Structures are given as C-alpha cells and as structure tokens.
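Participant: Sequence plus predicted model, see below.
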Amino acid sequence: MSTTTVNVQGMTCEHCVNAVRSEVARIAGVTDVQVDLDSGAVTISSEGMLDDTAVRAAVDEAGYELVQ
Ligand SMILES: [Cu+2]
C-alpha cells in the first residue's frame, strides 16, 4: 500500500473534483482518491507502485493538468 500526492491545476468546483477523482480511481491498483479543491492536491492510495504515466493520462482525460 502506498500513497502519492500530485497537484492538479484548473479545478474550480466540486464537479471538477469528481471528474478527476473518478478518472484517477479507474487506474489499476488505486484504492482511494482524495482531492483537495483549494490546494489542487490529489492524494492517491494504491496497491503496489502507482503508474505516473497513467496518473498523468487520467488527469488529462478528466480535462485538467498535472503540475510537477
Ligand atoms: Cu468544476
């Protein structure tokens, strides 16, 4: 079990939060996704190593951008 926090740019409301959360939750091995709208922090709990490329793709798919 590991936890990774990434920062997402462009989320402005609860709809954005849900879009990011549902896309990221679909990544293999992800067990929990917490999104802080104010800071843009997305905390991802996963089993095993989290695939950074998959996270980037999921955030992109949701319509937002990963900051790093
Ligand atoms: Cu929104």
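Facilitator: Yes, it's here. Residues are numbered from 1 along each chain as shown.
Participant: Work out for me the element the residue nearest to Thr43 when sequence neighbours are not counted sits within.
Facilitator: In this structure, Thr43 finds its nearest non-sequential neighbour in Gln34, 4.4 Å apart by Cβ to Cβ, 6 or more residues apart in numbering. Every residue, glycine included, has its C-beta placed from N, CA and C. Assessed by DSSP states H and E, Gln34 sits inside strand 30-36.
Participant: Please work out the average pLDDT along the helix or strand following that strand.
Facilitator: Next helix or strand after strand 30-36 toward the C-terminus (DSSP H and E): strand 41-46. Strand 41-46 comes out with an average pLDDT of 98.
Participant: Could you check the angle strand 41-46 makes with strand 30-36?
Facilitator: Orientation of strand 41-46 against strand 30-36 (axes from the mean of the first three to the mean of the last three Cα atoms, to 10 degrees) gives an angle of 170 degrees.
Participant: for strand 41-46, packing partners?
Facilitator: Secondary-structure packing of strand 41-46 (3 or more Cβ pairs under 8 Å, 6 or more residues apart in numbering; DSSP states H and E): strand 2-9, helix 14-25, strand 30-36.
Participant: what comes up buried for it?
Facilitator: By neighbour count on 16 or more other Cβ atoms under 10 Å, the buried set for strand 41-46 is 42, 44, 46.
Participant: returning to that earlier point: can you list the neighbours in contact with the strand holding Gln34?
Facilitator: Strand 30-36 has contacts (Cβ atoms under 8 Å, 6 or more residues apart in numbering) with 1, 8, 11, 17, 20-21, 24-25, 41-47, 50.
Participant: if we go to 10 Å?
Facilitator: Identification of contacts with strand 30-36 by Cβ atoms under 10 Å, 6 or more residues apart in numbering yields 1-5, 7-8, 11, 14, 16-27, 41-47, 50-51, 54-55, 58.
Participant: same check, this time on stretch 14-25
Facilitator: By Cβ under 10 Å, 6+ apart, the surrounding residues in contact with stretch 14-25 are 6, 8, 10-11, 13, 30-37, 40, 42, 44, 46, 50, 54-55, 57-64.
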